[in-house]
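*Asks:* Next come a sequence and a model predicted from it.
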Amino acid sequence: MHQKSKFHAMAALLAAGLVTGCASAPEGNGDSGDPMEGMNRKFYNFNDTLDRNIFEPVARGYVKVTPDPVRAGVSKFFNNANYLNVIANDLLQGKPTQLAQDTGRFVVNSTVGVGGLFDPATKLGMPEHDEDLGQTLGTYGVGEGAYLVMPMMGPNSLRDLPGTASSFLLNPINYLSFPITFPLGALAAINTRANLLEASSIRDQAALDPYTFVREAYRQQREFKIYDGNPPDDDFEEYIESEADAAILKIY
């Protein structure tokens, strides 16, 4: 699989991993790195019920009434608001060139790009990166730990969980007054779910137990990010080619 296809596949699996689905396979015994599978499946089903009955219908309504350029601008705005987290982890990972690029990107898009609604930085040679505390810990050899499914949040792990807090603390939107942060938070959640409407079909088309599929997709996605798209083995490529290529190609 060439690099572009590999990137598209990874993006699709990430989206699938963020959308939970109902599960029916028997619980594991912990050998899969999922010692809390019983509890995880309950939270998985809880998330799925909320998604299918509330979040997905709202997201579909949002897509119907919101033009694509507007939704694209909203996505860019929230990505830019979270970019201080990327910059902080560039520093922690010792990536000076990327740190300079990402700092410049944040400054340019926050000013010339009107708070991130537009993305002039990319045209100026400052590409977008994706770093977080979980990736930083992974680069220093910290293992994944137990797999977790968080209520309202979806897949996670003991290693990645602290990154949820750091991402929140480094997002300037969260320091605004409640009358502003609440509607912005709701818009961010709806917009994120809307961006996953197509990709969520991958999970439903997969031959695997949906719970297992999401768990392994999440793990592959995290490994992919920790190694900046070049994991040290071919497991990811073999997994994509054997289980998900047909579904992915329908989207990409």
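*Replies:* Alright, I've got the coordinates.

*Asks:* residue contacts, Asp68?
*Replies:* Residues near Asp68 by Cβ atoms under 8 Å, 6 or more residues apart in numbering: none. C-beta coordinates here come from the backbone N, C-alpha and C atoms, glycine included.

*Asks:* Gly115 now?
*Replies:* Applying Cβ under 8 Å, 6+ apart, the residues near Gly115 are Phe77, Asn80.

*Asks:* Can you tell me the element it falls in?
*Replies:* Mapping Gly115 onto the secondary structure by DSSP states H and E places it in no helix or strand at all.

*Asks:* Then Gly145?
*Replies:* Taking DSSP H and E as the definition, Gly145 sits outside all helices and strands.

*Asks:* Report pLDDT for it.
*Replies:* Turning to Gly145, the model gives it a pLDDT of 95.

*Asks:* what do you get for Ala199?
*Replies:* 70.

*Asks:* Which secondary structure state does it sit in?
*Replies:* Recorded secondary structure, Ala199: coil (DSSP: H, G, I helix; E, B strand; the rest coil).

*Asks:* buried sites along stretch 103-118?
*Replies:* Thr103, Arg105, Phe106, Val108, Asn109, Ser110, Gly113, Gly116, Phe118 (16 or more other Cβ atoms under 10 Å).

*Asks:* Contact partners for Met153?
*Replies:* Per Cβ under 8 Å, 6+ apart, neighbours of Met153: Thr164.

*Asks:* and with 6 Å instead?
*Replies:* Going by Cβ atoms under 6 Å, 6 or more residues apart in numbering, Met153 touches no other residue.

*Asks:* Give me the neighbour count for Thr164.
*Replies:* Residues lying near Thr164 (other Cβ atoms under 10 Å) number 15.

*Asks:* how near is it to Gly145?
*Replies:* Separation of Thr164 from Gly145 (Cβ to Cβ, to the nearest Å): 14 Å.
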